[in-house]
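Enquirer: quick one, fold the following:
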Amino acid sequence: MTEIKLRDEFIKLGQALKAANLVESGADAKSVILEGLVSVNGETDTRRGRKLYAGDIVVFNGEQIKIED
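Expert: Down below sits the predicted model:
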């Protein structure tokens, strides 16, 4: 599991995928999110701008990202 520390109140879903090195670019992030390949807290989310807060869990391609304060 990859942990991402928040610098602000939240991080957007596309940014989190890039920060965890699960995608190479914002365009890649947009693509996999819109294809429904990313879940947040167990539910598929197709919003690249989805705000993630401490405690949220993102899953993509078998990899987990945990958002922390």
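Enquirer: who are the neighbours in contact with Leu17?
Expert: Val23, Asp28, Ala29, Val32, Ile33, Val38, Val58, Phe60, Ile65 (Cβ atoms under 8 Å, 6 or more residues apart in numbering). Yep, even glycine has a C-beta here, placed from its N, CA and C like the rest.
Enquirer: is it fair to say it lies in a helix?
Expert: Yes. Judged by DSSP: H, G, I helix; E, B strand; the rest coil, Leu17 forms part of a helix.
Enquirer: can you tell me what sits against the longest helix along the chain?
Expert: In the chain, with assignment by DSSP state H, the single longest helix is helix 26-34. Where contact means Cβ under 8 Å, 6+ apart, the residues beyond helix 26-34 that reach it are 13-15, 17-18, 23, 38, 45-48, 60-61.
Enquirer: least confident of those residues?
Expert: Within the contacts of helix 26-34, Arg48 has the lowest pLDDT, namely 90.
Enquirer: quick check: Ala53 touching Phe10?
Expert: Not Ala; residue 53 is Tyr. Yes. Between Tyr53 and Phe10 there is a contact under Cβ atoms under 8 Å: 5.2 Å.
Enquirer: sorry, back to before: which among the contacts of Leu17 end up buried?
Expert: Among the contacts of Leu17, those classed as buried by 16 or more other Cβ atoms under 10 Å are Val23, Ala29, Val32, Ile33, Val38, Val58, Phe60, Ile65.
Enquirer: tell me where this structure is predicted with low confidence.
Expert: Nowhere does the chain drop to pLDDT under 70.
Enquirer: can you tell me the element Ser39 falls in?
Expert: strand 38-40 (DSSP states H and E).
Enquirer: show me what that strand is packed up against.
Expert: Applying 3 or more Cβ pairs under 8 Å, 6 or more residues apart in numbering; DSSP states H and E, one finds that strand 38-40 contacts helix 13-19, strand 57-60.
Enquirer: and the ones you listed as CSV, adding distance to Asp69?
Expert: As requested, the helices and strands packed on strand 38-40 are arranged in CSV below (distance: least, Cβ to Cβ, whole Å):
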stretch, distance to Asp69
helix 13-19, 14
strand 57-60, 14
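Enquirer: quick one, longest strand in this structure?
Expert: strand 63-68 (DSSP state E).
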